[in-house]
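>>> sequence and predicted structure are below.
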Amino acid sequence: MKPSVLLARAVFPEIIEKLSQHFEVEANQDDIIYTPDELADKLRGKAGVLATASARFDAQTIGRAPDLKMVANMAVGYDNIDLAACTARGVMASNTPDVLNETTADFGWALLMATARRVTESEHWLRAGKWSKWSYDCFLGADVHGSTLGILGMGRIGQAIARRSMGFNMRVIYHNRSRLAAEQEREANNASYVSKDELLSTADHVILVLPYSPASHHTIGQAELAMMKPSATLVNLARGGIVDDVALIAALKEKRIAAAGLDVFENEPKFHPDFLTLENVVLTPHIASASEATRKAMAHRAADNLIAGLNGQRPPDLLNPAALPTA
Ligand code: GLV
């Protein structure tokens, strides 16, 4: 008998077909967001689950899923999975790195440019019928070319963002848990490693691309926002929770920084309503990796991990090797 797997969210139909060749598949094409109790019910009898960040796999959920052997996350981030709890129960976990680097970097640039040059704010104004004449100071923004770009979290996506800055003749500074090798810094537009404080106080544009963990909770709060230039923009592509959204809203209201471009929020999709009252923000619904090709590549990669793991092979993107049955 084929093992059973749960698709915790709706997916491309081709993924259901692919997984059905190996497993009994319970799909969720109505895209219901399961409560923890519903998820626990659905996981009963399932050997694997293809999940996204909207489902939490904490010690309690894992404890209520005695048949579970693998969680394949369709995301590079995996802060929704308690790896220690998975490992303790021998449950493998995987993510989908690399396939989204370039698409996510493209979107970082889209947000940066829209924020610095006030693209959505001016479009809303135009759509509201307020444009009656050209004027010299209509929606003055900040230049992107020739400016200093600060990248906080210089992993593969951060490096892809840095490479794109060459065409804009920018200086790149970065901060990361560890410094890149000299060759990687060269390829990342000769990026210079600086302290977090120096990055915040020097950069004209700050992009956040670091992973979320309890240690990175509120990496950007009131004190950090106070270090930034009043003309600076902040772009968050990483995860809600890395920025203290209440502190950011206050800084934006008081124009202590110029503007922010946000693809992720604390408590998303129920983000802080005050963001909607601000003009100096560009708000997008967690779509940085959402090109059709990349979302398909992520879904296939998650499916391939699940197929490998439940067929006795090592999943290519295994996050917790200690959970391997042979370990
Ligand atoms: C998206 O947020 C991801 O982690 O892939």
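Received it, and whenever you're ready, just let me know what you need.
>>> helices of the stretch 101-250 of the chain, residue ranges please.
101-116, 119-127, 156-164, 182-187, 196-202, 222-227, 245-253 (DSSP state H, counting those that start in this stretch).
>>> of all the ones you listed, which one is nearest Thr284?
The minimum distance between Thr284 and the helices of the stretch 101-250 of the chain falls on helix 101-116, with 6.9 Å, by C-beta to C-beta. Where you see a C-beta, it was placed from the backbone N, CA and C, and this is true even at glycine.
>>> and His286, how far from the ligand?
His286 is 6 Å from the ligand, where distance means C-beta to the nearest ligand atom, to the nearest Å.
>>> you'd agree that residue is up against Leu262?
No - using C-beta atoms under 8 Å as the test, His286 is too far from Leu262 to be in contact (9.6 Å).
>>> which one of these two has more residues nearby?
Neighbour count, other C-beta atoms under 10 Å: between His286 and Leu262, Leu262 has more, with 24 against 19.
>>> take stretch 66-84, keep the C-alpha atoms, and write them as CSV.
Extracted in CSV, the C-alpha atoms of stretch 66-84 (Å, rounded to 0.1, in the frame of the first residue of the first chain):
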residue,chain,number,x,y,z
PRO,A,66,2.5,9.5,15.5
ASP,A,67,2.6,8.3,11.8
LEU,A,68,4.5,11.4,10.5
LYS,A,69,7.9,10.8,9.0
MET,A,70,8.5,14.0,7.0
VAL,A,71,7.5,17.6,6.7
ALA,A,72,8.4,19.1,3.3
ASN,A,73,8.1,22.9,3.5
MET,A,74,7.5,24.8,0.3
ALA,A,75,9.6,27.8,1.3
VAL,A,76,13.2,28.6,2.0
GLY,A,77,12.4,29.8,5.5
TYR,A,78,11.4,27.2,8.0
ASP,A,79,10.7,29.1,11.2
ASN,A,80,7.2,27.4,11.2
ILE,A,81,9.0,24.1,12.0
ASP,A,82,10.4,23.2,15.3
LEU,A,83,13.4,21.2,14.1
ALA,A,84,14.4,20.0,17.5
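>>> now do it: distance to the chain's middle.
16 Å (C-alpha atoms, centre = their mean, to the nearest Å).
>>> residue ranges of the strands in the stretch 51-200 of the chain, please?
Along the stretch 51-200 of the chain, the stretches classed as strands by DSSP state E, counting those that start in this stretch are 70-73, 92-94, 148-152, 171-175, 192-193.
>>> for this protein, longest helix please?
helix 292-310 (DSSP state H).
>>> list the contacts of Leu50.
Val5, Leu6, Leu7, Ala8, Val11, Ile15, Leu19, Ala72, Met74, Ala302, Ala303, Leu306 (C-beta atoms under 8 Å, 6 or more residues apart in numbering).
>>> adding distance to His175 and neighbour count, write those residues out as a markdown table.
Formatted as a markdown table, the contacts of Leu50 follow (distance: C-beta to C-beta, whole Å; neighbours: other C-beta atoms under 10 Å):
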| residue | distance to His175 | neighbour count |
| --- | --- | --- |
| Val5 | 40 | 27 |
| Leu6 | 39 | 26 |
| Leu7 | 38 | 27 |
| Ala8 | 34 | 27 |
| Val11 | 36 | 24 |
| Ile15 | 37 | 21 |
| Leu19 | 40 | 24 |
| Ala72 | 31 | 29 |
| Met74 | 29 | 25 |
| Ala302 | 30 | 28 |
| Ala303 | 35 | 25 |
| Leu306 | 35 | 30 |
